[in-house]
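Q: kindly return the folded structure for what I paste below:
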Amino acid sequence: MSQGNFCIGIQPVGEIDTAYLKVIAGSFLGELRIKSLILPPLDHPDYAFDKRRVQYNAGIIINRLETMNFKGCSKIIALIDADLFIPVFSYVLGEARMGGKCALASLYRLKQSSERAAKVALHEFGHLINLGHCHEKTCVMKFSKNIEQLDSISAIFCKYCLDHIRYALKPTS
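A: You can find the predicted model right below:
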């Protein structure tokens, strides 16, 4: 399923071990045959720190990312080693807007697991191309609110979700 000119930008935010970046880039190539580009790191997002919660607001970071130009990249998966929240959850492992351009995957609660990071990145990518949460028990698009649930799913998309991705990324003539 080669996706032609479609390219995922892997964007480190702050200091991220290059091993994570390579594993995530490899997961997009291996699972979806989508090429990726590892981008130069951005500064840590002090602007999104919430002193009351002692966490970083994922929505504020995504808003900032979506104002940036990522030349040659169709979608952006940003990796950050910070504890993220959105107002309705005490924490999130990742965040994306349906159909958006940029998503976040947080390494903070993943206990130094690149496999978990790849699952979160693939899941958030699914949202970027308008995939909702899946009911298949092992699909990477199944909602995971914690590490235990994340560990119970695989790092692959079910047939339905994979078909949706193929259709969404199909070149238009």
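
Q: secondary structure element holding the residue most central in space within the chain?
A: Centroid-nearest residue in the chain: A121, 3.1 Å away (criterion: C-alpha atoms, centre = their mean). Assigned by DSSP states H and E, A121 falls within helix 114-128.

Q: what mean pLDDT does that helix get?
A: Here helix 114-128 scores 96 as its mean pLDDT.

Q: one more: stretch 30-42?
A: 94.

Q: list the buried residues for that stretch?
A: Going by neighbour count (16 or more other C-beta atoms under 10 Å), the buried part of stretch 30-42 is E31, L32, I34, K35, S36, I38, L39, L42. Where C-beta positions appear, they are placed from N, C-alpha and C, glycine not excepted.

Q: for the residues you listed, which one is nearest A78?
A: Among the buried residues of stretch 30-42, L42 lies closest to A78 (C-beta to C-beta), at 7.7 Å.

Q: wait, what's in contact with the nearest residue to the closest one once chain neighbours are set aside?
A: Spatially, and ignoring its direct neighbours in sequence, L42 is nearest to V13 (5.0 Å; C-beta to C-beta, 6 or more residues apart in numbering). Contact analysis of V13 by C-beta atoms under 8 Å, 6 or more residues apart in numbering lists P41, L42, D43, H44, P45, I61, A78, L79, I80, A82, L104.

Q: which residues touch the second one?
A: Applying C-beta under 8 Å, 6+ apart, we find L42 in contact with Q11, P12, V13, G14, A78.

Q: which of those residues are buried, as a PyMOL select command?
A: Listed next is the PyMOL selection for buried residues among the contacts of L42, using 16+ other C-beta under 10 Å:
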select buried, resi 11+12+13+14+78
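
Q: reformat the contacts of L42 as a markdown table; add distance to G132 and secondary structure.
A: Converted to a markdown table, the contacts of L42 look like this (distance: C-beta to C-beta, whole Å; DSSP: H, G, I helix; E, B strand; the rest coil):
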| residue | distance to G132 | secondary structure |
| --- | --- | --- |
| Q11 | 24 | strand |
| P12 | 28 | strand |
| V13 | 26 | strand |
| G14 | 30 | coil |
| A78 | 21 | strand |
